[in-house]
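**Student:** Output the structure for:
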Amino acid sequence: MRKEVSSFFKVKNKRKKIILAIILIIAFIVINGLCIYFRKSAGHYLSVIEKIIPYPAFFVGKEYITLDEYNSKIDLNKKLYELSYKMDFGNSEEGKKNLQDLRKKTKEEIIETIIMENVLSSSGKYISKKDIKDEFDKGIKDIGSDKEIKNILKYSANLKESDVQWKIQYNLLKDSIRDNVLYSLKLKIIAVKTLDINNSQDWEVSKLKAEKIIEESNSNANFFNNYFVLDNDKNDIIVQNFGREYYTIEDLPKEFRNAFLSLMPGQISAPLKTDLGYYILKDEGQKGSFRGSFSDFIQDQKNKTKVVSFIY
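**Tutor:** Residues are numbered from 1 along each chain as shown. Model prediction:
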(Lines give C-alpha, C1' and ligand atoms only; values in the text may rest on other atoms or scores of the structure.)
Protein backbone atom coordinates (compact mmCIF):
# COMPACT_ATOMS: atom_id res chain seq x y z
CA MET A 1 0.00 0.00 0.00
CA ARG A 2 2.83 2.36 0.92
CA LYS A 3 4.51 1.67 -2.42
CA GLU A 4 1.32 2.49 -4.27
CA VAL A 5 0.86 5.77 -2.40
CA SER A 6 4.51 6.68 -2.95
CA SER A 7 4.24 5.89 -6.63
CA PHE A 8 1.07 8.00 -6.89
CA PHE A 9 2.76 11.07 -5.40
CA LYS A 10 5.85 10.61 -7.57
CA VAL A 11 3.70 10.59 -10.70
CA LYS A 12 1.77 13.60 -9.43
CA ASN A 13 4.96 15.52 -8.65
CA LYS A 14 6.37 14.62 -12.05
CA ARG A 15 3.24 16.00 -13.76
CA LYS A 16 3.47 19.17 -11.69
CA LYS A 17 7.09 19.64 -12.74
CA ILE A 18 6.21 19.15 -16.41
CA ILE A 19 3.27 21.58 -16.16
CA LEU A 20 5.46 24.09 -14.29
CA ALA A 21 8.20 23.76 -16.91
CA ILE A 22 5.66 24.36 -19.71
CA ILE A 23 4.29 27.41 -17.88
CA LEU A 24 7.81 28.82 -17.40
CA ILE A 25 8.68 28.27 -21.08
CA ILE A 26 5.46 29.97 -22.20
CA ALA A 27 6.08 32.84 -19.77
CA PHE A 28 9.67 33.16 -21.06
CA ILE A 29 8.46 33.31 -24.68
CA VAL A 30 5.65 35.78 -23.92
CA ILE A 31 7.71 38.15 -21.74
CA ASN A 32 10.60 38.28 -24.20
CA GLY A 33 8.16 38.66 -27.08
CA LEU A 34 6.49 41.63 -25.39
CA CYS A 35 9.90 43.24 -24.86
CA ILE A 36 10.84 42.68 -28.51
CA TYR A 37 7.56 43.92 -29.99
CA PHE A 38 7.00 46.93 -27.72
CA ARG A 39 10.54 48.20 -27.19
CA LYS A 40 10.83 48.76 -30.96
CA SER A 41 14.57 48.13 -30.85
CA ALA A 42 16.34 45.05 -29.53
CA GLY A 43 19.59 44.96 -27.60
CA HIS A 44 22.10 42.12 -27.88
CA TYR A 45 20.12 39.83 -25.54
CA LEU A 46 16.82 40.27 -27.40
CA SER A 47 18.60 39.90 -30.77
CA VAL A 48 19.87 36.51 -29.61
CA ILE A 49 16.36 35.55 -28.43
CA GLU A 50 14.98 36.49 -31.89
CA LYS A 51 17.38 34.04 -33.51
CA ILE A 52 16.39 31.24 -31.12
CA ILE A 53 12.60 31.78 -31.05
CA PRO A 54 10.92 32.33 -34.45
CA TYR A 55 8.70 35.26 -33.46
CA PRO A 56 6.54 36.31 -36.44
CA ALA A 57 7.15 39.65 -38.15
CA PHE A 58 4.26 39.17 -40.56
CA PHE A 59 2.35 36.62 -42.61
CA VAL A 60 1.97 37.04 -46.37
CA GLY A 61 -0.85 34.71 -47.33
CA LYS A 62 0.41 31.39 -45.95
CA GLU A 63 4.08 32.47 -45.87
CA TYR A 64 5.63 33.11 -42.47
CA ILE A 65 8.38 35.74 -42.03
CA THR A 66 10.28 35.74 -38.74
CA LEU A 67 11.57 38.83 -36.95
CA ASP A 68 15.11 37.53 -37.36
CA GLU A 69 14.70 37.23 -41.14
CA TYR A 70 13.07 40.66 -41.34
CA ASN A 71 15.75 42.39 -39.25
CA SER A 72 18.53 40.63 -41.17
CA LYS A 73 17.13 42.09 -44.40
CA ILE A 74 16.95 45.55 -42.78
CA ASP A 75 20.60 45.28 -41.73
CA LEU A 76 21.53 44.27 -45.27
CA ASN A 77 19.66 47.21 -46.79
CA LYS A 78 21.30 49.59 -44.30
CA LYS A 79 24.74 48.40 -45.37
CA LEU A 80 23.90 48.74 -49.05
CA TYR A 81 22.46 52.25 -48.67
CA GLU A 82 25.35 53.36 -46.47
CA LEU A 83 27.82 51.98 -49.02
CA SER A 84 26.10 53.30 -52.16
CA TYR A 85 24.51 56.57 -50.99
CA LYS A 86 26.32 57.37 -47.71
CA MET A 87 22.87 57.50 -46.12
CA ASP A 88 22.60 58.37 -42.44
CA PHE A 89 20.80 55.90 -40.15
CA GLY A 90 22.07 57.33 -36.86
CA ASN A 91 20.30 59.09 -33.99
CA SER A 92 19.71 62.39 -35.80
CA GLU A 93 16.16 63.25 -36.85
CA GLU A 94 17.10 62.56 -40.47
CA GLY A 95 18.74 59.25 -39.52
CA LYS A 96 15.69 58.09 -37.58
CA LYS A 97 13.40 59.01 -40.47
CA ASN A 98 15.70 57.22 -42.94
CA LEU A 99 15.61 54.08 -40.77
CA GLN A 100 11.83 54.20 -40.47
CA ASP A 101 11.51 54.54 -44.27
CA LEU A 102 14.01 51.71 -44.74
CA ARG A 103 12.01 49.39 -42.48
CA LYS A 104 8.88 50.02 -44.58
CA LYS A 105 10.81 49.57 -47.83
CA THR A 106 12.33 46.29 -46.62
CA LYS A 107 8.93 44.95 -45.58
CA GLU A 108 7.51 45.81 -49.02
CA GLU A 109 10.46 44.13 -50.77
CA ILE A 110 9.91 40.92 -48.80
CA ILE A 111 6.17 40.96 -49.53
CA GLU A 112 6.78 41.64 -53.23
CA THR A 113 9.35 38.83 -53.42
CA ILE A 114 6.87 36.34 -51.94
CA ILE A 115 4.09 37.54 -54.26
CA MET A 116 6.28 37.22 -57.36
CA GLU A 117 7.52 33.75 -56.35
CA ASN A 118 3.95 32.54 -55.80
CA VAL A 119 2.65 33.96 -59.09
CA LEU A 120 5.52 32.46 -61.09
CA SER A 121 5.40 29.06 -59.34
CA SER A 122 1.67 28.78 -60.14
CA SER A 123 2.67 28.75 -63.82
CA GLY A 124 5.61 26.39 -63.28
CA LYS A 125 8.35 29.05 -63.42
CA TYR A 126 11.04 29.50 -60.79
CA ILE A 127 14.22 31.44 -60.11
CA SER A 128 16.81 28.83 -59.14
CA LYS A 129 19.97 29.24 -57.09
CA LYS A 130 21.90 28.60 -60.30
CA ASP A 131 20.09 31.50 -62.02
CA ILE A 132 21.06 33.80 -59.17
CA LYS A 133 24.68 32.56 -59.11
CA ASP A 134 24.97 32.95 -62.90
CA GLU A 135 23.67 36.54 -62.67
CA PHE A 136 26.14 37.31 -59.88
CA ASP A 137 29.03 35.86 -61.90
CA LYS A 138 27.95 37.85 -64.97
CA GLY A 139 27.87 41.03 -62.92
CA ILE A 140 31.42 40.64 -61.61
CA LYS A 141 32.96 39.40 -64.89
CA ASP A 142 34.24 42.84 -65.94
CA ILE A 143 35.13 43.97 -62.41
CA GLY A 144 37.51 41.34 -61.13
CA SER A 145 37.83 37.81 -59.86
CA ASP A 146 35.26 36.17 -57.62
CA LYS A 147 37.74 36.31 -54.74
CA GLU A 148 38.41 40.02 -55.26
CA ILE A 149 34.70 40.83 -55.23
CA LYS A 150 34.17 38.84 -52.04
CA ASN A 151 36.99 40.79 -50.39
CA ILE A 152 35.54 44.13 -51.53
CA LEU A 153 32.13 43.19 -50.15
CA LYS A 154 33.58 41.88 -46.91
CA TYR A 155 35.93 44.75 -46.07
CA SER A 156 34.02 47.73 -47.49
CA ALA A 157 30.53 46.89 -46.23
CA ASN A 158 30.79 43.64 -44.24
CA LEU A 159 28.67 41.86 -46.87
CA LYS A 160 28.66 38.29 -48.10
CA GLU A 161 27.91 37.01 -51.59
CA SER A 162 24.63 35.58 -50.29
CA ASP A 163 23.58 39.07 -49.14
CA VAL A 164 23.97 40.49 -52.63
CA GLN A 165 22.22 37.48 -54.11
CA TRP A 166 18.99 38.38 -52.28
CA LYS A 167 18.88 41.66 -54.23
CA ILE A 168 19.73 39.80 -57.44
CA GLN A 169 16.86 37.38 -56.79
CA TYR A 170 14.40 40.28 -56.48
CA ASN A 171 15.52 41.74 -59.82
CA LEU A 172 15.37 38.35 -61.56
CA LEU A 173 11.85 37.79 -60.24
CA LYS A 174 10.85 41.22 -61.54
CA ASP A 175 12.31 40.44 -64.97
CA SER A 176 10.51 37.09 -65.03
CA ILE A 177 7.18 38.74 -64.15
CA ARG A 178 7.77 41.20 -66.96
CA ASP A 179 8.59 38.43 -69.45
CA ASN A 180 5.87 35.95 -68.46
CA VAL A 181 3.00 37.78 -66.78
CA LEU A 182 2.78 41.39 -67.98
CA TYR A 183 0.89 41.89 -71.21
CA SER A 184 3.38 42.57 -74.01
CA LEU A 185 3.38 43.02 -77.77
CA LYS A 186 5.81 42.39 -80.58
CA LEU A 187 5.59 45.76 -82.30
CA LYS A 188 6.49 47.46 -85.55
CA ILE A 189 6.41 51.24 -85.46
CA ILE A 190 6.21 53.66 -88.38
CA ALA A 191 7.11 57.31 -87.81
CA VAL A 192 5.47 60.04 -89.89
CA LYS A 193 7.34 63.20 -88.93
CA THR A 194 5.88 66.71 -89.23
CA LEU A 195 8.37 68.91 -91.11
CA ASP A 196 7.60 72.10 -89.20
CA ILE A 197 5.86 71.49 -85.87
CA ASN A 198 4.86 75.16 -85.72
CA ASN A 199 3.04 74.96 -89.05
CA SER A 200 -0.55 73.69 -88.87
CA GLN A 201 -0.55 72.79 -92.58
CA ASP A 202 2.47 70.51 -92.10
CA TRP A 203 0.61 68.79 -89.25
CA GLU A 204 -2.32 68.20 -91.55
CA VAL A 205 -0.04 66.80 -94.28
CA SER A 206 1.61 64.33 -91.88
CA LYS A 207 -1.78 63.24 -90.52
CA LEU A 208 -3.14 62.59 -94.01
CA LYS A 209 0.02 60.65 -94.86
CA ALA A 210 -0.37 58.47 -91.73
CA GLU A 211 -4.04 57.82 -92.54
CA LYS A 212 -3.07 56.86 -96.11
CA ILE A 213 -0.50 54.34 -94.83
CA ILE A 214 -3.14 52.76 -92.57
CA GLU A 215 -5.71 52.64 -95.39
CA GLU A 216 -3.21 51.01 -97.78
CA SER A 217 -2.11 48.56 -95.07
CA ASN A 218 -5.68 47.48 -94.34
CA SER A 219 -6.34 46.73 -98.02
CA ASN A 220 -2.92 45.17 -98.72
CA ALA A 221 -1.40 42.94 -96.03
CA ASN A 222 2.15 43.44 -97.34
CA PHE A 223 2.01 47.24 -97.61
CA PHE A 224 2.74 47.97 -93.92
CA ASN A 225 5.78 45.66 -93.77
CA ASN A 226 7.14 46.99 -97.08
CA TYR A 227 6.74 50.59 -95.92
CA PHE A 228 8.30 49.71 -92.55
CA VAL A 229 11.42 48.36 -94.30
CA LEU A 230 11.77 50.83 -97.19
CA ASP A 231 10.28 54.20 -96.27
CA ASN A 232 10.11 54.34 -92.49
CA ASP A 233 12.03 57.13 -90.76
CA LYS A 234 14.98 55.15 -89.41
CA ASN A 235 16.48 58.31 -87.87
CA ASP A 236 13.57 58.55 -85.44
CA ILE A 237 14.69 57.81 -81.87
CA ILE A 238 11.53 55.84 -80.98
CA VAL A 239 11.88 53.63 -84.07
CA GLN A 240 15.59 53.15 -83.28
CA ASN A 241 14.90 52.13 -79.69
CA PHE A 242 12.62 49.27 -80.67
CA GLY A 243 15.16 46.51 -81.13
CA ARG A 244 13.85 43.88 -78.72
CA GLU A 245 11.24 41.25 -79.53
CA TYR A 246 8.45 42.12 -77.09
CA TYR A 247 7.49 45.35 -75.34
CA THR A 248 5.47 46.08 -72.22
CA ILE A 249 3.51 49.23 -71.46
CA GLU A 250 6.49 50.53 -69.45
CA ASP A 251 8.64 50.62 -72.60
CA LEU A 252 6.36 52.99 -74.46
CA PRO A 253 5.83 56.76 -74.45
CA LYS A 254 2.62 57.63 -72.62
CA GLU A 255 0.98 58.71 -75.91
CA PHE A 256 1.21 55.09 -77.11
CA ARG A 257 -0.16 53.29 -74.06
CA ASN A 258 -3.90 53.25 -74.70
CA ALA A 259 -3.31 52.13 -78.30
CA PHE A 260 -0.90 49.44 -77.07
CA LEU A 261 -3.50 47.97 -74.71
CA SER A 262 -6.27 48.01 -77.31
CA LEU A 263 -4.41 46.27 -80.17
CA MET A 264 -5.26 42.73 -81.23
CA PRO A 265 -2.91 40.38 -83.18
CA GLY A 266 -2.25 41.79 -86.65
CA GLN A 267 -4.12 45.02 -85.90
CA ILE A 268 -2.83 48.48 -86.83
CA SER A 269 -3.44 51.49 -84.60
CA ALA A 270 -4.96 54.81 -85.56
CA PRO A 271 -2.43 57.66 -86.02
CA LEU A 272 -0.92 58.59 -82.64
CA LYS A 273 -0.03 62.26 -82.31
CA THR A 274 3.14 63.26 -80.43
CA ASP A 275 5.15 66.48 -80.18
CA LEU A 276 7.10 65.55 -83.32
CA GLY A 277 4.50 64.02 -85.60
CA TYR A 278 2.39 60.87 -85.95
CA TYR A 279 3.20 57.24 -85.24
CA ILE A 280 1.53 54.00 -86.27
CA LEU A 281 1.81 50.76 -84.28
CA LYS A 282 1.25 47.24 -85.59
CA ASP A 283 0.76 44.24 -83.30
CA GLU A 284 2.94 41.40 -84.60
CA GLY A 285 2.27 39.07 -81.65
CA GLN A 286 1.35 39.19 -77.98
CA LYS A 287 1.79 37.33 -74.70
CA GLY A 288 1.16 37.79 -70.99
CA SER A 289 -2.11 38.43 -69.20
CA PHE A 290 -1.82 41.46 -66.91
CA ARG A 291 -2.61 44.65 -68.82
CA GLY A 292 -0.64 47.22 -66.86
CA SER A 293 2.77 48.19 -65.54
CA PHE A 294 4.85 46.24 -63.02
CA SER A 295 3.80 48.63 -60.23
CA ASP A 296 0.13 48.15 -61.23
CA PHE A 297 0.64 44.38 -61.09
CA ILE A 298 2.28 44.46 -57.64
CA GLN A 299 -0.46 46.69 -56.23
CA ASP A 300 -3.14 44.44 -57.72
CA GLN A 301 -1.55 41.37 -56.11
CA LYS A 302 -1.13 43.13 -52.76
CA ASN A 303 -4.83 43.96 -52.80
CA LYS A 304 -5.57 40.23 -53.24
CA THR A 305 -3.04 39.02 -50.64
CA LYS A 306 -3.80 38.95 -46.93
CA VAL A 307 -0.93 40.38 -44.87
CA VAL A 308 -1.05 40.01 -41.08
CA SER A 309 1.63 42.14 -39.45
CA PHE A 310 3.03 41.87 -35.92
CA ILE A 311 5.61 44.63 -36.28
CA TYR A 312 5.38 48.35 -35.71
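**Student:** Reduced to three states, what does residue 111 come out as?
**Tutor:** helix (DSSP: H, G, I helix; E, B strand; the rest coil).
**Student:** where do the strands sit along the stretch 51-200 of the chain?
**Tutor:** Using DSSP state E, counting those that start in this stretch, the strands of the stretch 51-200 of the chain run over 56-60, 63-66, 184-193.
**Student:** Could you export those strands to TSV, including columns for mean neighbour count, distance to residue 294 and mean pLDDT?
**Tutor:** All C-beta atoms are positioned from the backbone trio N, CA, C, and that covers glycine. Formatted as TSV, these follow (neighbours: other Cβ atoms under 10 Å; distance: least, Cβ to Cβ, whole Å; pLDDT from 0 to 100):
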stretch	mean neighbour count	distance to residue 294	mean pLDDT
strand 56-60	18	18	94
strand 63-66	17	21	94
strand 184-193	21	12	92
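**Student:** Which one of these lies nearest to residue 304?
**Tutor:** strand 56-60 (11.5 Å; Cβ to Cβ).
**Student:** Just send the strands of the stretch 51-200 of the chain back as TSV, with distance to residue 253 too.
**Tutor:** Formatted as TSV, the strands of the stretch 51-200 of the chain follow (distance: least, Cβ to Cβ, whole Å):
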stretch	distance to residue 253
strand 56-60	35
strand 63-66	38
strand 184-193	10
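**Student:** quick one: which of the ones you listed is nearest residue 138?
**Tutor:** Nearest of the strands of the stretch 51-200 of the chain (Cβ to Cβ): strand 184-193, 23.6 Å.
**Student:** by contact count, what packs against the closest one?
**Tutor:** Contact here means 3 or more Cβ pairs under 8 Å, 6 or more residues apart in numbering; DSSP states H and E; on that basis strand 184-193 packs against helix 200-219, helix 223-230, helix 237-241, strand 247-248, strand 277-287.
**Student:** Out of the strands of the stretch 51-200 of the chain, which is closest to residue 90?
**Tutor:** strand 56-60 (23.6 Å).
**Student:** can you give me the helices in this protein?
**Tutor:** 2-39, 44-52, 67-85, 93-122, 129-140, 146-157, 161-180, 200-219, 223-230, 237-241, 257-262, 294-304 (DSSP state H).
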